[in-house]
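Student: need a 3D model of the following:
(chains A and B)
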Amino acid sequence: MRFKSHLRWSRYACPGLLVLSALLCWESCKTVRPWQRSYLNDDAMQIGKRPLEKFSTNVHTYREAASGGGKAKGSGGCGCN
Amino acid sequence: MKRKYLVFGVLAAGSFWSAAQSPTDSLYGKRKVSKTDIQLVYSQYIQNGNHSAITGGTGTEKLLVYSPDLTITHQIDSAHGYAINAGVDIITSASLDNIDFVMSSASRVSKHGFIDLSYTQGFRNSRLRLTPSGYFSIESAYLSQGLGLSLESQNKEKTRIFSADIQTFFDDLRWGRLNGERPLKLVYPVELRYKQWFSAYLRQSYNLTLEWQQTLNRRMILGIFPGFAYQHGLLATPYHRVYFTDSTEKVENLPPDRWKIPLGIQLNSFVGTHYILEAYYRFYWDNFGIWAHTLELGLGIKTSASLTLTPILRLYTQTAARSFRPYREHDPSEKYYTSNYDLAAFQSYEVALEARISGAGHTGPGTIFKECSFRYSYYHRTDGLDSHILTLLTGVSHRPKPASISAF
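Tutor: Numbering: from 1, shown residues only, chains lettered A, B, ... in the order given. You can find the predicted model right below:
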């Protein structure tokens, strides 16, 4: 019983702590001038869906219950989960 | 059905509104920077397992998929562009044979085709981009039509991006479109065709994905992706069997509504001058009773100016849906039941290696090689399912001769 309540707490705590740390990072962000963007403009630094990963992402949508959340495909359009 | 028309109306109104804005925007200097990118992707998928939902959570899950995919992106000028993505999946599945228990033939071959169209309209003065899109997909077991609308906004310094993406899909799960069988109907396992198990054959999906991307400093980008998805209609697959403790057999049955809440966070960091660390975490919950966590770590290693190698590790865990029980463990009194192991409790890991060769930074007119990439990954699920995924990508870019500047 005690373990179960701990598990339930950790389910909420994991995303909560991540969002909190993300917000703290946010607060510490600095202004970046256009000529300082050489690292940021690198292809590998881009956030979002990448064509090379698209097929693997679709496999995850079929073989796992979870979907969405930025990197992954959303629900529907595939007759799958 | 009314909801479908409402969504279509909103999207159409959005498109007209965007078209109405363009003459005003052209005053702000719509530059002719026309460019066409062509990207060809080929993927191959080999799967093996022993928990097929078609045979009630037991039996072969052998699967082979060949998947060519083409994307053409045309940038008309700095404010307008469109993209076309089309592809085919050729699927050889041993378990599909078991809908009819066809044992003598080679495994059944199924085909899946799709096309995805989108148009982007940018508004220079407000730094907004609006992208309506349409989607069509067909396979023997279903037909899907979708509409989408994406709105993206960027701050003046280009360090913060906010976007909202709405997608709707209308799936029809009747069988027979590609093999000419008429009338179209839901297909049940051969021994369960003595009655119609479902009156509904449609499934609607509504997805909302928000994205908040922030440049933290010269070497770090953070992205947060909250989302919400709602599905309604026939969510069960009509040719999935379920066996009960009293040895009776039925077609899988799942609740008609499903809500999903994913929350993804990604942090990309450039470390030193040669390494890029990518960290991604996703939390997921749905009203079927599933909780899931995904962690993905990648380390991009720039071995030269044009070659990047990226080893990737992905870890995933999920709890089982309330309606899931393994083969012959369902109680006959249950309202909803499935033995589909995609809804079971399991952990999975995936190890992958990506290699990317990028073209030189040539920006003049003509057709140039843009990139050639390769990705191999091995995926393992703790219920025994294994798969190998191979993807090859090649891309070229074409720019016409120096263009005029239309509005100056």
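Student: rest of the way, CA atoms for contacts and neighbours
Tutor: Noted.
Student: buried stuff in stretch B:256-263?
Tutor: The neighbour-count check on stretch B:256-263 (16 or more other C-alpha atoms under 10 Å in any protein chain shown) flags B:257, B:258, B:259, B:260, B:261, B:262, B:263 as buried.
Student: how far away from the center of its chain is it?
Tutor: 16 Å (C-alpha atoms, centre = their mean, to the nearest Å).
Student: is chain A contacted by that stretch?
Tutor: Yes. Stretch B:256-263 reaches chain A (C-alpha under 8 Å from any C-alpha of the partner chain) through B:262, B:263.
Student: residue B:243 contacts residue B:54, correct?
Tutor: No. If you go by C-alpha atoms under 8 Å, residue B:243 and residue B:54 don't touch, sitting 11.0 Å apart.
Student: what helix or strand is residue B:86 on?
Tutor: Of the helices and strands defined by DSSP states H and E, residue B:86 is found in strand B:80-93.
Student: right, and residue B:381 touches residue B:348 too?
Tutor: Yes. Residue B:381 is within contact range of residue B:348, at 4.2 Å (criterion: C-alpha under 8 Å).
Student: separation between residue B:171 and residue B:401?
Tutor: Relative to residue B:401, residue B:171 is positioned 44 Å away (C-alpha to C-alpha, to the nearest Å).
Student: pick out whichever of those two has more residues nearby.
Tutor: Using other C-alpha atoms under 10 Å in any protein chain shown as the criterion, residue B:171 and residue B:401 rank with residue B:171 on top: 25 against 10.
Student: not counting its neighbours along the chain, what's nearest that one?
Tutor: residue B:144 (4.2 Å; C-alpha to C-alpha, 6 or more residues apart in numbering or on different chains).
Student: cool, residue B:394 as well?
Tutor: The spatially closest residue to residue B:394, leaving aside those adjacent along the chain, is residue B:372, at 4.4 Å (C-alpha to C-alpha, 6+ apart).
Student: mind checking the SS state of residue 69?
Tutor: Using chain A here. coil (DSSP: H, G, I helix; E, B strand; the rest coil).
Student: phi and psi next, for the nearest residue to it once chain neighbours are set aside.
Tutor: Closest residue in space to residue A:69, ignoring its immediate chain neighbours: residue B:264 at 4.4 Å, by C-alpha to C-alpha, 6+ apart. In terms of degrees, to the nearest 10, the main-chain angles of residue B:264 are phi -110, psi 150.
Student: what about residue B:264, how many neighbours?
Tutor: For residue B:264, using other C-alpha under 10 Å, the count is 27.
Student: same check on residue B:209?
Tutor: 22.
Student: what's the helix or strand for the residue of the stretch 1-150 of chain B found nearest chain A?
Tutor: Among all residues of the stretch 1-150 of chain B, residue B:144 sits closest to chain A, at 5.4 Å; criterion: C-alpha to the nearest C-alpha. Applying DSSP H and E as the criterion places residue B:144 in strand B:142-154.
Student: residues contacting that strand, please?
Tutor: A:77-79, B:8, B:11, B:126-138, B:160-175, B:177 (C-alpha atoms under 8 Å, 6 or more residues apart in numbering or on different chains).
Student: list only buried entries from those.
Tutor: A:77-79, B:8, B:11, B:128-138, B:160-175, B:177.
Student: what is the strand holding residue B:86 packed up against?
Tutor: Taking 3 or more C-alpha pairs under 8 Å, 6 or more residues apart in numbering or on different chains; DSSP states H and E as contact, the helices and strands that strand B:80-93 lies on are strand B:63-75, strand B:108-123.
Student: partner strands of the first one, with direction?
Tutor: Based on DSSP bridges, the strands next to strand B:63-75 in the sheet, each with its direction, are strand B:35-48 (antiparallel), strand B:80-93 (antiparallel).
Student: one more: the last one?
Tutor: Strand B:108-123 has its sheet partners listed here by DSSP bridges as strand B:80-93 (antiparallel), strand B:128-139 (antiparallel).
Student: for the longest one, list every residue counted as buried.
Tutor: The neighbour-count criterion (16+ other C-alpha under 10 Å) identifies B:80-93 as the buried residues of strand B:80-93.
Student: can you name the two of those residues that sit furthest apart?
Tutor: B:80 and B:93 (42.0 Å; C-alpha to C-alpha).
Student: which pLDDT value goes with residue 67?
Tutor: In the absence of a named chain, chain A is used. Looking at residue A:67, its pLDDT is 91.
Student: try again with chain B
Tutor: 96.
Student: point out where the chain drops to low pLDDT.
Tutor: Answering for chain A, as no chain was given. Under the criterion pLDDT under 70, the flagged ranges of chain A are A:1-15, A:17-19, A:21-30, A:72-73, A:76-81.
Student: looking at chain B here, not the other one
Tutor: B:1-32, B:101-107, B:360-363, B:402-408.
Student: which stretches in it count as helices?
Tutor: B:2-26 (DSSP state H).
Student: which bits of the stretch 251-400 of chain B sit near chain A?
Tutor: B:262-266, B:268-270, B:276, B:278, B:282-285, B:290-292, B:300, B:318, B:342-343, B:373-375, B:389, B:391-393.
Student: what sits against the closest residue to chain A within the stretch 301-408 of chain B?
Tutor: Proximity of the stretch 301-408 of chain B to chain A (C-alpha to the nearest C-alpha) peaks at residue B:342, 5.2 Å away. Neighbouring residues of residue B:342 by C-alpha under 8 Å, 6+ apart: A:62, A:63, A:64, A:65.
Student: of those residues, which belong to helices?
Tutor: Using DSSP H, the contacts of residue B:342 in helices are A:62, A:63.
Student: check the contacts of residue B:342 against chain B, which are close?
Tutor: Subset of those in contact with chain B: A:62, A:63, A:64, A:65, counting by C-alpha under 8 Å from any C-alpha.
Student: who wins on neighbours among these?
Tutor: residue A:65 (26 neighbours).
Student: quick check, residue B:358 in contact with residue B:370.
Tutor: Yes. Counting by C-alpha under 8 Å, residue B:358 does reach residue B:370; the two are 5.9 Å apart.
Student: who's the closest spatial neighbour of residue B:340, skipping the chain neighbours?
Tutor: Of all residues not flanking residue B:340 in the chain, residue B:53 sits nearest, at 4.6 Å (C-alpha to C-alpha, 6+ apart).
Student: how about residue A:48?
Tutor: Per C-alpha to C-alpha, 6+ apart, closest to residue A:48 is residue A:71, 5.9 Å.
Student: wait, what's in contact with that neighbour?
Tutor: Per C-alpha under 8 Å, 6+ apart, neighbours of residue A:71: A:48, A:49, A:57, B:264.
Student: wait, is the third one part of a helix?
Tutor: Yes. Assessed by three-state DSSP, residue A:57 belongs to a helix.
Student: gap between it and residue B:391?
Tutor: Distance from residue A:57 to residue B:391, by C-alpha to C-alpha: 12 Å.
Student: please tell me how far residue B:276 sits from residue A:41.
Tutor: From residue B:276 to residue A:41 the distance is 12 Å (C-alpha to C-alpha).
Student: then residue B:100?
Tutor: Distance of residue B:100 to residue A:41, given as C-alpha to C-alpha: 54 Å.
Student: how about residue B:160?
Tutor: For residue B:160, the distance to residue A:41 - C-alpha to C-alpha - is 14 Å.
Student: doesn't residue B:243 make contact with residue B:53?
Tutor: No. Using C-alpha under 8 Å, residue B:53 makes no contact with residue B:243, being 10.6 Å away.
Student: which residues touch stretch B:185-197?
Tutor: Under the contact criterion C-alpha under 8 Å, 6+ apart, stretch B:185-197 has outside partners B:54, B:98-101, B:173-176, B:201, B:238-241, B:250-251.
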